[in-house]
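Whatever this is, show me its structure:
(2 chains)
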Amino acid sequence: MEDALLARRALARQRWARWLAHAALGLGVLVFAFPIWITLVGSTHDAATIGRGDVPLLPGGQALENYATAWNSGGGTLRGNPAAGMLLNSAIMALLIAAGKIAISLLSAYAVVFFRFPLRMAAFWTIFITLMLPVEVRIIPTYQVIVNLDLFNSFTGLTLPLIASATATLLFRQFFLTIPDEYVEAAQLDGAGPLRFFRDILLPLSVTNIAALGVILFIYGWNQYLWPLLIINDRSMQTIVVGLAKMIGNGDSQNEWNTIMATAVLAMTPPVLVVVLMQRWFIKGLTETEK
Amino acid sequence: MATLNLSAVTKSFGATMVLHGIDLAVADGEMIVIVGASGCGKSTLLRIVAGLETPTTGHVAIGGREVTRLEPADRDIAMVFQNYALYPHMTVAQNMAYGLKIRGTPKEEIARRVAETAGLLGIEPLLARKPRELSGGQRQRVAMGRAIIREPKLFLFDEPLSNLDAKLRVQMRGEIRRLQQRLGVTSLYVTHDQVEAMTLGDRLVVMHQGRAAQVASPMEVWARPADTYVASFIGSPAMNLLAGTLAEGGAAVQLKAGPLLRFQDGPRAGGDGRPLTIGIRPEHMLRDGEALVTVALDLVEPLGSETVLHGKLANGEVLTARLPGMVPAVGSAMPLAIPAEALHVFDAETGRRLDS
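Residues are numbered from 1 along each chain as shown, chains lettered A, B, ... in the order given. All right, here's what the predicted structure looks like:
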């Protein structure tokens, strides 16, 4: 009798705990997802509905028109830029930044971990302390350098300053340090030179790390705002994040919120796709090492 | 197949001297086991032969060719590592073929040798697998295969069995020995396990604090250890070492523990009273005989066919004995005899063996 009562109480407590957990999760989802939902819904109404100040919570019927406008010509007759071109520009920039950062940090981490040369640790610390200097802090000298090099309005100028990366170098260094010396020695006995070892053994072992870092760096590159804003003023080279911000006017004229939101949805899609498609690799790279 | 010659090899890391001049001549096809406690420099010596370390002074020659300054890859050697060091992203076949591939061996030749080596080691069904899908013993075999396939002049083994469980270790030990004899490749094998050393080696190098304490065949090392370190390192349980002094004009030893033992193989040099260390193996102790000592037992380990006794003598010295059959329980005192014909005589100060 007594035990039956205790068992019932335990069950009730478990049910309550589960309910609480789900409530907390649901709240979290709501907080994160609601703005996105508003954007999605906004991209399916006509300009007037949003212009009136109503915030509709249910989708309207203008989706196709809005996305077609955003894709082909952009919103805001004067300011608008077709999203198609801007997406392409963003994709090129993000890919160049991710690939460049990975290439340069793989090589520098390889040098720092596997070779003994004078000033090795000095080199490492020099790379390391640049962590304390984000793009924004050194933006004026960087701008000066890029302009002097005549790289204004070019993809080189856009991506090069963002490629030098202490974070990625540090992460690869930590990973390389976990690789047992025996692999290096076995490769030496097999007759593999430094580049051979890098290509045949180190790179394949780093694949999951490269994938995980690639995802993070792609999103980092995609979301760049300040630097592209400064270095690109040719409309045809505009990236989507900058273009999106420029679509919102200064109040002189009506904003075409429906097109802006459609463009925002388009701007969100590639990073989401990258995360979804790379998820398996991404998690693998962050959690497990193949040794 | 080749000889290996080390002459006056030393190695220091900064101010620390790890090897104090090692000389060693290994004959063609011989299997040499370098054995010693951790930190004795045995791995460093192997790595110097491999070319993974450079000696501070001294020379290494393989097959008569001076290789001291050559890269590991140019020495025509192969090594089996303690943790196998199989490349985790390559299949067994790729692991074995990698060294040949780098050397530019033709594809058909590689395929033929992989198949041949896999057959030799009985690992054909594993060729397409990745190392993580293999058991410890299988990885061990693949690591051997990677060494064999290169048909090197010299095999180097760096404690290759220490990651295996006891049963597998015994089995692989036998396989390594059979394989080495069959291929007839000169081999250098490093281990801290004296049973491995005794069973595998044509000759042993017993290392102690960066020096070769003794270089001899396993039976020689066991029967005539060069010093007290070798005496207590080789053999299990370890040899008993008892204090004594020379007596009767060099013809006998007066043990501190009591008995006077006459040397059976002739007198030792020196005057009466010269301090000696007398070694006697636990398995040579007898239940009764002439020179009796009384042992206060504090631990009895029955092993089935025999019993290991640990105890103290009246003067506080520790004594171990291994006797056949069953033996009384802990706490009792027991008389044991020291047979004079099984004595090892060492100088008490230098620890060196004294022969008649």
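
backbone phi and psi for B:Phe157, please?
With angles defined as degrees, to the nearest 10, B:Phe157 sits at phi -120, psi 120.

which residue sits closest to it, ignoring its sequence neighbours?
Computed as Cβ to Cβ, 6 or more residues apart in numbering or on different chains, the closest residue to B:Phe157 that is not its neighbour in sequence is B:Tyr189, at 4.2 Å. Any C-beta I mention is one placed from the backbone N, CA and C, and that applies to glycine too.

What values do phi and psi take at the one you found?
Backbone geometry at B:Tyr189, expressed as degrees, to the nearest 10, gives phi -130, psi 120.

Please name the bridge partners of it.
Taking DSSP bridges as the rule, B:Tyr189 bridges to B:Val33, B:Phe157.

Flag the shaky bits of the stretch 51-200 of chain A, pLDDT-wise.
Scanning the stretch 51-200 of chain A for pLDDT under 70 picks out the ranges A:75-80.

Tell me the residues of it that contact chain B?
Contacts of the stretch 51-200 of chain A with chain B, taken as Cβ under 8 Å from any Cβ of the partner chain, map to A:Pro180, A:Glu182, A:Tyr183, A:Glu185, A:Ala186, A:Gln188, A:Leu189, A:Asp190, A:Gly191, A:Ala192, A:Arg196, A:Asp200.

Can you show me the helices along chain A?
With helices called from DSSP state H, chain A shows them at A:2-42, A:47-51, A:63-72, A:83-114, A:120-129, A:139-148, A:155-163, A:166-177, A:181-190, A:194-197, A:203-222, A:226-231, A:240-247, A:257-287.

what's the top helix by length along chain B in contact with?
The helix that spans the most residues within chain B, counting by DSSP H, is helix B:166-183. By Cβ atoms under 8 Å, 6 or more residues apart in numbering or on different chains, the residues outside helix B:166-183 that reach it are B:31, B:120-121, B:136-137, B:140-141, B:144, B:148, B:155, B:157, B:160-161, B:164, B:187, B:189, B:196, B:199-200.

neighbours of the closest residue to B:Arg224 other than its chain neighbours, just the number please.
Spatial nearest neighbour of B:Arg224, excluding adjacent residues (Cβ to Cβ, 6+ apart): B:Arg353 at 6.9 Å. By other Cβ atoms under 10 Å in any protein chain shown, the residues close to B:Arg353 number 19.

Just the closest residue of the stretch 1-150 of chain A to chain B, please.
A:Arg116 (13.0 Å; Cβ to the nearest Cβ).

Now mean neighbour count too, for the helices of chain A, in JSON lines please.
Putting these into JSON lines (neighbours: other Cβ atoms under 10 Å in any protein chain shown) gives the following:
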{"stretch": "helix A:2-42", "mean neighbour count": "11"}
{"stretch": "helix A:47-51", "mean neighbour count": "16"}
{"stretch": "helix A:63-72", "mean neighbour count": "18"}
{"stretch": "helix A:83-114", "mean neighbour count": "20"}
{"stretch": "helix A:120-129", "mean neighbour count": "13"}
{"stretch": "helix A:139-148", "mean neighbour count": "14"}
{"stretch": "helix A:155-163", "mean neighbour count": "20"}
{"stretch": "helix A:166-177", "mean neighbour count": "19"}
{"stretch": "helix A:181-190", "mean neighbour count": "21"}
{"stretch": "helix A:194-197", "mean neighbour count": "14"}
{"stretch": "helix A:203-222", "mean neighbour count": "20"}
{"stretch": "helix A:226-231", "mean neighbour count": "19"}
{"stretch": "helix A:240-247", "mean neighbour count": "21"}
{"stretch": "helix A:257-287", "mean neighbour count": "18"}
